[in-house]
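Peer 1: kindly generate the corresponding structure for this input.
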Amino acid sequence: MNNRKIPIANIYYLLCYAWRHIEESDVVQLSELKGIEKVHDLLGKVLSEGTFRLIRRGMDRGYRDVHENLSGIRGKIAMGETMKQALHARGQVACNFEEMSHDVLHNRILRSTLKSLLRLPDLHKEVRTSVRNAYLKFTGVTIVPLNRQLFQQVHLDRNRRHYRFLLSICQLIHEQLLVDEKSGEARFMEISKERMEKLYEDFIIEFYRREQNRYQVNHQGRTITWVYKGTPDYHQSKLPRMEADVILESSDRRIIMDAKYYQEAFGGRYGGKLHSNNLYQLLAYLRNREATVSPGAKHEGILLYPTVNEQVAVDVCLEGFLISARSINLAQNWNKIHGDMLALIN
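Peer 2: Next up, the predicted model:
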């Protein structure tokens, strides 16, 4: 499906759920997103407004190592460095000590990402002003070159939860931003189909975890064991991993849901048909899980497509399994999306 057809406010909600930060959805009000149509403008708006909120709460500080020549003594004296520079002749000593500073890794990533956004020539005018103001609030925080390893080095405890959401935005911006080393200008790549597939899947999982209490979500994991009776042990390892997207379980229902981020729900050689591979895959999930987990407990399947145009509502019974194909219109008001998601499983 075309990401550009999804309203920017709905993309924001998808991100908040997928990253398990729906509580942070009030960082920006929907009215503030009017006139914003591009993903990088959305991310810039959320990151800058989140930064202002962070500063009001109090920016995080941490200890950093300092090596400095002082007239007095602070921390440990570095005798070798003091003698090498003949500091005693100037009445100084080289000292190693720790001091509290805002110049910590997570603040460095925030400031560096804000600076990267300012390189975008097509950044929305109002968003640019907001991003620049947020960037200037980090005076004294070091700009660092961003890379995947740097994000992996950040360790935050529960008290710094508000940083996690902003760092998730920073990482997405970093991964989608292409910078021309010669000109210094940048461009934001459209979010790939693969990334949107993962975003859509994670949204569904987290939505059902938070918004209903009838079903347990992926309680026993998503991996489904093959019924491989009769297969030699040394061949069992050759079977591919079988993993469903979402498994919902209650005392009376077991639903395997397969999220399909397709532009069209119908296809096939003759058109107007459900994709055969989708049905084959879901049938394999249903057969094997029913046989290996709580035998006798009936399973059913849902193929869930996002759509901004045609609606899908197909119910079939295959090999005794009820399989439904449904769509969620991601172009509609979020309250309607919320209601439609709950109606799917009730």
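Peer 1: helices of this structure, residue ranges please.
Peer 2: For the chain, the helices defined by DSSP state H cover 8-18, 39-57, 79-84, 105-117, 125-136, 148-152, 161-176, 193-211, 233-236, 276-292, 334-345.
Peer 1: out of these, which gets nearest to I247?
Peer 2: When these are compared by Cβ to Cβ, helix 276-292 sits nearest I247, at 7.7 Å. Bear in mind the C-beta positions are built from the backbone N, C-alpha and C, glycine included.
Peer 1: turn the helices of the chain into JSON lines, columns for mean neighbour count, mean pLDDT and distance to S31.
Peer 2: Below are the helices of the chain laid out as JSON lines (neighbours: other Cβ atoms under 10 Å; pLDDT from 0 to 100; distance: least, Cβ to Cβ, whole Å):
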{"stretch": "helix 8-18", "mean neighbour count": "21", "mean pLDDT": "92", "distance to S31": "10"}
{"stretch": "helix 39-57", "mean neighbour count": "20", "mean pLDDT": "92", "distance to S31": "12"}
{"stretch": "helix 79-84", "mean neighbour count": "12", "mean pLDDT": "84", "distance to S31": "58"}
{"stretch": "helix 105-117", "mean neighbour count": "22", "mean pLDDT": "94", "distance to S31": "22"}
{"stretch": "helix 125-136", "mean neighbour count": "17", "mean pLDDT": "95", "distance to S31": "13"}
{"stretch": "helix 148-152", "mean neighbour count": "12", "mean pLDDT": "91", "distance to S31": "32"}
{"stretch": "helix 161-176", "mean neighbour count": "19", "mean pLDDT": "90", "distance to S31": "20"}
{"stretch": "helix 193-211", "mean neighbour count": "18", "mean pLDDT": "93", "distance to S31": "23"}
{"stretch": "helix 233-236", "mean neighbour count": "8", "mean pLDDT": "84", "distance to S31": "57"}
{"stretch": "helix 276-292", "mean neighbour count": "17", "mean pLDDT": "91", "distance to S31": "39"}
{"stretch": "helix 334-345", "mean neighbour count": "14", "mean pLDDT": "95", "distance to S31": "14"}
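Peer 1: would you reformat these as CSV and include distance to N69?
Peer 2: Converted to CSV, the helices of the chain look like this (distance: least, Cβ to Cβ, whole Å):
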stretch, distance to N69
helix 8-18, 48
helix 39-57, 33
helix 79-84, 8
helix 105-117, 25
helix 125-136, 31
helix 148-152, 30
helix 161-176, 34
helix 193-211, 50
helix 233-236, 67
helix 276-292, 67
helix 334-345, 58
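Peer 1: which one, of those helices, ends up nearest to A325?
Peer 2: Nearest to A325, of all the helices of the chain, is helix 276-292, at 8.1 Å by Cβ to Cβ.
Peer 1: what's the spacing between L239 and Y228?
Peer 2: Between L239 and Y228 the computed distance is 6 Å (Cβ to Cβ, to the nearest Å).
Peer 1: to I323, which of the helices of the chain lies closest?
Peer 2: With respect to I323, and counting by Cβ to Cβ, the nearest of those is helix 276-292 at 6.2 Å.
Peer 1: can you list the helices and strands that the closest one packs against?
Peer 2: strand 254-259, strand 299-307, strand 321-329 (3 or more Cβ pairs under 8 Å, 6 or more residues apart in numbering; DSSP states H and E).
Peer 1: sheet partners, orientation included, of the shortest one?
Peer 2: It stands for strand 254-259. In the sheet, strand 254-259 lines up against strand 246-249 (antiparallel), strand 299-307 (parallel) (DSSP bridges).
Peer 1: take those and lay them out in JSON lines including distance to Y13.
Peer 2: Shown next, in JSON lines, are the strands paired with strand 254-259 (distance: least, Cβ to Cβ, whole Å):
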{"stretch": "strand 246-249", "distance to Y13": "18"}
{"stretch": "strand 299-307", "distance to Y13": "13"}
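Peer 1: can I get those in JSON lines with mean neighbour count and distance to L274?
Peer 2: Listed next are the strands paired with strand 254-259 as JSON lines, based on neighbours: other Cβ atoms under 10 Å; distance: least, Cβ to Cβ, whole Å:
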{"stretch": "strand 246-249", "mean neighbour count": "22", "distance to L274": "19"}
{"stretch": "strand 299-307", "mean neighbour count": "22", "distance to L274": "7"}
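Peer 1: kindly reformat those as TSV containing distance to R326 and mean pLDDT.
Peer 2: Output for the strands paired with strand 254-259, formatted as TSV (distance: least, Cβ to Cβ, whole Å; pLDDT from 0 to 100):
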stretch	distance to R326	mean pLDDT
strand 246-249	13	94
strand 299-307	6	92
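Peer 1: contacts for stretch 64-82 next, please.
Peer 2: The contact list for stretch 64-82, computed with Cβ atoms under 8 Å, 6 or more residues apart in numbering, reads 85, 87-88, 91-99, 101, 103-104.
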